[in-house]
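Engineer: Sharing a model prediction with you, sequence too.
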Amino acid sequence: MDLKLLWIIQLAPLAAFLTIQLLPNGLKKSAPLLGMFGALTAALSSSILFWQHREAQGFPLQFIYPWLQINDSMAVVGFLLDRLNLLMIWLVTVIAFFVQLFSYYYMAEDKSRARYFGFLSFFSFSMTGLVLSCNLLQTFLFWELVGLTSYLLIGFWFEKPSAATAARKAFTINRLGDLGFYLGIILLFLSLGTLNFTELTPALLHAHFSPHMITILGLLVFTGVMGKSAQFPFHNWLPDAMEGPTPVSALIHSATMVAAGVFLLSRAFGLFGASETTLFIVMTIGALTAFTGAALATIQRDIKKIMAYSTISQLGLMVMAIGAGSPTAGMFHLTTHAFFKSLLFLTAGAFIHHHHTNDIWEIGQNGGKKNTLPVLTLLIGLASLCGLPPFSGFFSKDMILETLKEHNLFFYGVAIFVSFLTVYYSFRLLFVILLSKEKHQAHGHEEHAHHSSPTLTLSMALPLISLASISLYMGYLGSPLNHSLLAWLGHEHEVHLNIELLLTTLGLVASGGAVAWWQFKNPEAAEKKLNDSRGFIFTTLSNKFYIDDLYQFLVKKVGLGLAAILNWFDRKFVNNMMVNGTSYRILDLGRLTSGLQSGLLQDYLSVALMVGILVVFFVVR
């Protein structure tokens, strides 16, 4: 029964994708229903599977099939089922279904929505394959399919130059990170003969590799995580990816695709945890990412980019927790964050769909506070993001803070400051939308060309209500009242309310909210001040810490300069001197020897006689 359900979870989205591609043009309008049916089938199957294994007995389960014989080793494919990926597969399929449901009306007037729902279904197939993979090689194959699908979805409106550029940027940076991942897989397989997650234990690694080599292998695989989970300095593709449709952002850029890197850190923790140096570097990268994302979110006007930078920051916190040696804390926050951040993105989509603008000031001035359900879900999502008790983010973020405090006080301080910035930009967003004075006409830009009704349809309201409810329930499952989610993730210690961290969190919420209130209680005056800002900090943040400029310098100046030198060497030495030079000398030799062919018999006899005399002379001597 388990194997049948796993195959249904894996193949239902693929079947939806293939069916949509094969539909004749006259039936393309049924593509959304096919996509939603495939997503619903996968979500129900994963829910049934989760319910059947709610006692978590008999794990891990593996269903393995031989694939490739390489020397004396066998590469296999198959399914691995345990607590970690059973939770993850349920999370992925449920959010994928709600995103498809939300998209049903959101993309109703887009003439390419059949292509859109096909791509969403193919993404779900790729993501479920990644989560259920039993080894690193199979994970890498689906990892690349996820990257391909994200490229297609980010650039869905490819007629917009900004969307096409964002898609290329995401694809290129992810391929850069995946190169290290690929090299790490090759080295591991050639040395160990296995890539199965259940066999990649610290004991096996220490038996075959030196400590330095274990560190190198871990960091190579970690580069793939850095690309996929937008870790510093590979973080800059994620905000640009907001050029895709908003439901895409909710699915792949908050809940599933970017979470794949954090999932892999937990899935292959035996590899990363075998080296203290690797874990320290992982924690350092996570800290840089968390700070960078939170700082850049504080000045954004685009509601989707605020969410994007917030996602980068929260992913950094998860990576920090795993680097501190607690995959449980990282995965707990991944789970709660997936639901409340996808809720926030869909809420942003509801505002954008109604007001035809991404600008938070324009949303506020167009009467955003009158959108009752989006405002309510925005409040729930931001309360979770800020870690306000008793919302889900409070319990998961406090677990990360507790882990970091026990492990390293410096990184704990970084996480505290990041949490303060999180509260600040969350209240900034809230105050601008709720306190802006209404204007009669909106002057915003449309995200896509269609007009919407002022009320949310059922297909848009139901996902918001459902995700808000699940987010609240996740907080309950991770609280001291009922810590079954933590127990599921393998947390063995007693769960209790940490009064010190509770007071710290309340202090952060109060201080961050107070600073935001002081600056944005009058959004119109704050906007004017923001437009006139020219200070060092604002300029640095506006230029995104000059990371994009650094990439431009490395590509245009260093990369193209090196390419010009290599091009000159190729033309002058390789092409002219070696390839062409050799052919020219042969032609010159041919011209010299061709002079011997006069066509006169007496000349040939004279030459032959002379050669014969020389041969006889040298033989006699």
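Structural biologist: Now that the structure is in, tell me what you want to look at. Numbers count the residues shown, from 1 in each chain.

Engineer: Tell me which helix or strand in this structure has the weakest average pLDDT.
Structural biologist: In the chain, the helix or strand scored least confidently by mean pLDDT, DSSP states H and E is helix 581-594, which has a mean of 82.

Engineer: Show the subsequent helix or strand relative to whatever helix or strand W67 lives in.
Structural biologist: Using DSSP states H and E, W67 falls within strand 61-70. Moving toward the C-terminus from strand 61-70, the next helix or strand (DSSP H and E) is strand 73-81.

Engineer: picking that back up, please identify the pairing partners of the strand holding W67 and their relative orientation?
Structural biologist: Strand 61-70 pairs in its sheet with strand 73-81 (antiparallel), by DSSP bridges.

Engineer: Whichever helix or strand comes after the strand it pairs with - contacts with which helices or strands?
Structural biologist: Remark: after strand 73-81, the chain's next helix or strand is helix 83-106, criterion DSSP H and E. Secondary-structure packing of helix 83-106 (3 or more C-beta pairs under 8 Å, 6 or more residues apart in numbering; DSSP states H and E): helix 2-22, helix 31-52, helix 113-132, helix 246-250, helix 259-267, helix 327-355, helix 458-477. Yep, even glycine has a C-beta here, placed from its N, CA and C like the rest.

Engineer: Just the angle for helix 83-106 relative to helix 2-22, thanks.
Structural biologist: On the basis of axes from the mean of the first three to the mean of the last three C-alpha atoms, to 10 degrees, helix 83-106 is oriented at 30 degrees to helix 2-22.

Engineer: Check which element follows the least confident helix or strand of the chain along the chain.
Structural biologist: helix 601-620.

Engineer: tell me the mean pLDDT over the strand holding W67?
Structural biologist: Mean per-residue pLDDT for strand 61-70: 86.

Engineer: Give me the contact list for that strand.
Structural biologist: Identification of contacts with strand 61-70 by C-beta atoms under 8 Å, 6 or more residues apart in numbering yields 2-3, 6, 74-82, 134, 189, 198.

Engineer: quick check: angle from that strand to helix 113-132?
Structural biologist: When the same axes, to 10 degrees is applied, the directions of strand 61-70 and helix 113-132 differ by 90 degrees.

Engineer: Centre of the chain to strand 61-70, how far?
Structural biologist: 28 Å (C-alpha atoms, centre = their mean, to the nearest Å).

Engineer: Now name the helix or strand holding A230.
Structural biologist: In the assignment (DSSP H and E), A230 maps to no helix and no strand.

Engineer: so who does the nearest residue to it once chain neighbours are set aside touch?
Structural biologist: Spatial nearest neighbour of A230, excluding adjacent residues (C-beta to C-beta, 6 or more residues apart in numbering): L238 at 4.1 Å. L238 sits next to A170, A230, H253, V258, A308, Y309, T311, I312 when contact means C-beta under 8 Å, 6+ apart.

Engineer: Show me the shaky parts of the stretch 301-450 of the chain.
Structural biologist: The stretch 301-450 of the chain contains residues with pLDDT under 70 at 440-450.

Engineer: Convert the least confident helix or strand of the chain to PDB, retaining C-alpha atoms only.
Structural biologist: This file holds the C-alpha atoms of helix 581-594, laid out as PDB (Å, rounded to 0.1, in the frame of the first residue of the first chain):
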ATOM      1  CA  GLY A 581      51.200  27.700 -39.400                       C
ATOM      2  CA  THR A 582      51.500  23.900 -39.800                       C
ATOM      3  CA  SER A 583      49.200  23.900 -42.900                       C
ATOM      4  CA  TYR A 584      51.100  26.800 -44.500                       C
ATOM      5  CA  ARG A 585      54.500  25.100 -44.000                       C
ATOM      6  CA  ILE A 586      53.100  21.900 -45.600                       C
ATOM      7  CA  LEU A 587      51.900  24.000 -48.600                       C
ATOM      8  CA  ASP A 588      55.300  25.700 -48.900                       C
ATOM      9  CA  LEU A 589      57.000  22.300 -48.900                       C
ATOM     10  CA  GLY A 590      54.500  21.200 -51.600                       C
ATOM     11  CA  ARG A 591      55.400  24.200 -53.700                       C
ATOM     12  CA  LEU A 592      59.100  23.300 -53.400                       C
ATOM     13  CA  THR A 593      58.700  19.700 -54.300                       C
ATOM     14  CA  SER A 594      56.300  20.400 -57.200                       C
END
